[in-house]
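Participant: Got a predicted model here, sequence first, then my questions.
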Amino acid sequence: MPKRRVAIYSATGCSACDNSILGLHYQVGAFTGWAEIVFWPYLRGDSWQVLEDDRQIDVCFFCGSIATEEDRHAALRLRAAARVLVACGACAAFGGLPGLVNLIPADPTEMSTSSQDTWPPLPRAKSRVSGLPGIVPVDYFVPGCPPTQPLLWACFQALVSGGESQIRASFSAARLPEAISTAVAAGVLPPHGSTFAGEKAVCASCCRAKEEKKFSRLYRGHELDPDAGRCLLEQGLICQGLATREGCGGLCTAVGVPCRGCFGKAEAVYDAGAKMVSAISSTFDAAEAGQASEMAARFVDLAGTFYRYTLAEQCALLAGASEERNDAIHGS
Amino acid sequence: MQYTVLEPLRWQDRPARISVEEADGRLNAYYQITVPWQVSRMCLGRPVEEIPRILPILSPAHHIVSAMTLDRLFQVEPPPLAVNMRQALISTQYFVHHMRKLYFLFCSEIDPFREYHIRGNDSGKPFVSSRVLDAMMHGVALAEEAATILGGRPEHPVSVVPGGVGRFLKPPHYERLAEIAEQSLKRAMEAARAFHERFVNGSEISTGILELHLEPVASLALSRDMSHILVTDEAGNEKAPIPPESVFETVGLHFEPWTYQPFAYFLEKDWKGPEEGMERFFVVGSLARLNTGRPYDHSLAETERQLLLSTLGSPPHFSLIAAFWSLVTELIDSAESMKEQFTQEKLTGPAIRSVPVTMGERGFASMESPEGFIAHRYEVNDQGLVQSIQVLDAASENNAVRCAVARAVIEASRSGTVERDRTKAMIEVSLLPF
């Protein structure tokens, strides 16, 4: 059976996702026996000329957010060339941390502003950063900042090896939804649109004990040294875990800091911000309305906290937002 | 006018390309970062205690310096255990960063994803054996495991908080860390041997792809006790040290219209681009630390540094060989640091954090990251939301050097009619240490 042709591309982002995939190769053995990396500019310096070949890419892992016109063209080009397109990492899946810039207008003094009339030109920065789904249809998602090794490996097993690899038992299968883990084991493609992560919220895999979610005071992250082993939200810290898709194994809460949602919203959640507002307000231990108001007044930067990684693609209030609409709002 | 574009460039943290224009014998080469990286906009309006969760997007070390900035803002001192854990995390970051750079160097003339049995360069002879390459990346994996234990996540750590760190370690953690430290030192020495076999044979240097010499430039690095910033000029003479908290008044950032990466430069001189001379610019990172004459406390690293100096001469150095050899030296030092730090004695204690009870209006901190000197300064309002933020990162500080490197390689290739792919590979390798 011919080897699967794999592409890995990074748009606007750091190199963490590329290095996670690179590390995967060496940690779990060479997958070059059943896959051919044909396009990986970060590691191999491949130019777009590779895609002029009329043979399609079988699987493309697209990392990074869409912040320039060049990123947008790359997304369109790879969508056309790839049979399967995977949004790899929080930036590609939801916009990631770069998506936070959508909250405030650009400061011209902080940006290079070349035009196509000057040389050398720069790719034009879009006024609104988006994730890959904002530009093209995406077949699969591997969330995280960066994605964890087990889930990346499960994704490679499912989409690239296609049953050819002898190492198909993924130790992450227990955390994957049944449909995906069954597909991985059977060597067939999972259902279209699947996310390589859990279906439940982070709370399901967080190591901390959950008792009764009631608190009478909100604490900012620096104001409390939380009890080890006890739910952070119950101690008054804003933890995004109950609205965030599991799959990381609760990496952040395990080291004593709240979840900030890099795996995107959980399957059953319509909007992470709405979920957090309703969940937290239902935990207020307040006998009077005034007390509840005082507690609510301590919340700051709700948008930047509840949509830290997902503002561009998973904020229901901004659904349908376009670059033109963003320009109209910020007057640019 | 003739235009040429060399892209994509391998191993860049952000997408980059070289654009060259030639006319009437005159050549201009532009190193362009082609994506915007608006970290200020990501941080403005955020609760200041969240900044250590956002700025690791620049590099993992920014997580630690951000927490140090908050220590100052909140006027807290981390307890000794937290200081030790932070130092241990920094050592893993040095190891991962430098080992990966050396891996890229050793892979520069081969495709690392060709099948094992045919992997090698066009001559058929492996540049460095597959076994060594795999061992180096296994070393990276082990160091990342250590970074996960200490920091929560390897690439974007989360556990360093204002006043300390987020959790105690348990016996299985420091037992595992001690195993990792042993293995890391072996991997570091193996990488050093491979570097020597390829490039250093006794007192003879085989530069190969590393034949470039940079135009002399000032070097900047933080002193070991972090009390002042050391600056040596292009001749190696020490200039007046800079108090770290004055760095933003000493170093400015300038944007050119053809790149999204600003240039850091000494404000005492008016702005001119690197094509008009390097006197207002400086280099940071391992080469700068070598040039500012920082001896090592660890014996194997200091032995390697002395070998470097006896082979290449006294600093300052502006050769690629020196730049990569300084990475090797620091790789060994980081592994020895891990051996020293990954002990039960260093990683246990009664307290992991000091909870702040007050908040100032501004905070500043700086450190030597693997990439070079970095600094943060924040101002907050009475709600503790970020009103202004200044970040000095190594990419901005080395931007002028990168431009100079690209221009030098292009000029050298023109004189010798080097073909395009070879020129691109030489640029990529020459940019790696910076």
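Facilitator: Perfect, thanks for sending it. Residues are numbered from 1 along each chain as shown, chains lettered A, B, ... in the order given.
Participant: which ones are touching the residue in the stretch 151-300 of chain B positioned nearest to chain A?
Facilitator: At 3.0 Å from chain A, residue B:166 is the closest residue in the stretch 151-300 of chain B, using CB to the nearest CB. Heads up, the C-betas are built off the backbone N, CA and C, glycines and all. Taking CB atoms under 8 Å, 6 or more residues apart in numbering or on different chains as the contact definition, residue B:166 lies against A:255, A:256, A:257, B:152, B:158, B:159, B:160, B:352, B:353.
Participant: same check, this time on residue B:238
Facilitator: Counting by CB under 8 Å, 6+ apart, residue B:238 has contacts B:230, B:231, B:232.
Participant: now the residues you listed in CSV, with pLDDT, neighbour count and secondary structure?
Facilitator: CSV is the format used below for the contacts of residue B:238 (pLDDT from 0 to 100; neighbours: other CB atoms under 10 Å in any protein chain shown; DSSP: H, G, I helix; E, B strand; the rest coil):
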residue, pLDDT, neighbour count, secondary structure
B:230, 96, 21, strand
B:231, 96, 20, strand
B:232, 96, 20, strand
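Participant: Give me the nearest residue to residue A:308, chain neighbours excluded.
Facilitator: Distances taken as CB to CB, 6 or more residues apart in numbering or on different chains put residue A:260 closest to residue A:308, at 4.7 Å, once the chain neighbours are dropped.
Participant: Most proximal residue of the stretch 201-332 of chain A with respect to chain B?
Facilitator: Ranked by CB to the nearest CB, the top residue of the stretch 201-332 of chain A for proximity to chain B is residue A:256, at 3.0 Å.
Participant: That residue is in contact with residue A:228, isn't it?
Facilitator: Yes. Applying CB atoms under 8 Å, one finds residue A:256 in contact with residue A:228, separated by 6.9 Å.
Participant: Who has more neighbours out of these two?
Facilitator: residue A:256 (24 against 13; other CB atoms under 10 Å in any protein chain shown).
Participant: what secondary structure does that one sit in?
Facilitator: coil (DSSP: H, G, I helix; E, B strand; the rest coil).
Participant: how close does it sit to residue B:166?
Facilitator: The gap separating residue A:256 from residue B:166 is 3 Å, by CB to CB, to the nearest Å.
Participant: before we move on, back to that, so the residue nearest to residue A:308 touches residue A:240, yeah?
Facilitator: Yes. Here residue A:260 reaches residue A:240: they are 5.5 Å apart, a contact under CB under 8 Å.
Participant: What mean pLDDT does stretch B:134-148 get?
Facilitator: In this model, stretch B:134-148 has a mean pLDDT of 94.
Participant: close to chain A, is that stretch?
Facilitator: Yes. For stretch B:134-148, a contact with chain A is found by CB under 8 Å from any CB of the partner chain, at B:134, B:137, B:138, B:140, B:141, B:144, B:148.
Participant: contact partners of that stretch?
Facilitator: A:22-23, A:25-27, A:251, B:60, B:88-89, B:92-93, B:95-96, B:99-100, B:102-103, B:106, B:153-155, B:157, B:176-177, B:180-181, B:183-184, B:187-188, B:190-191, B:194, B:338, B:342.
Participant: If any of these are buried, put those into a PyMOL selection.
Facilitator: Applied in PyMOL, the following selects the buried portion of these according to 16 or more other CB atoms under 10 Å in any protein chain shown:
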select buried, (chain A and resi 22+23+25+26+27+251) or (chain B and resi 60+88+89+92+93+95+96+99+100+102+103+106+153+154+155+157+176+177+180+181+183+184+187+188+191+194+338+342)
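Participant: Helices - which of the contacts of stretch B:134-148 land there?
Facilitator: A:22-23, A:25-27, A:251, B:88-89, B:92-93, B:95-96, B:99-100, B:102-103, B:106, B:176-177, B:180-181, B:183-184, B:187-188, B:190-191, B:194, B:338 (DSSP state H).
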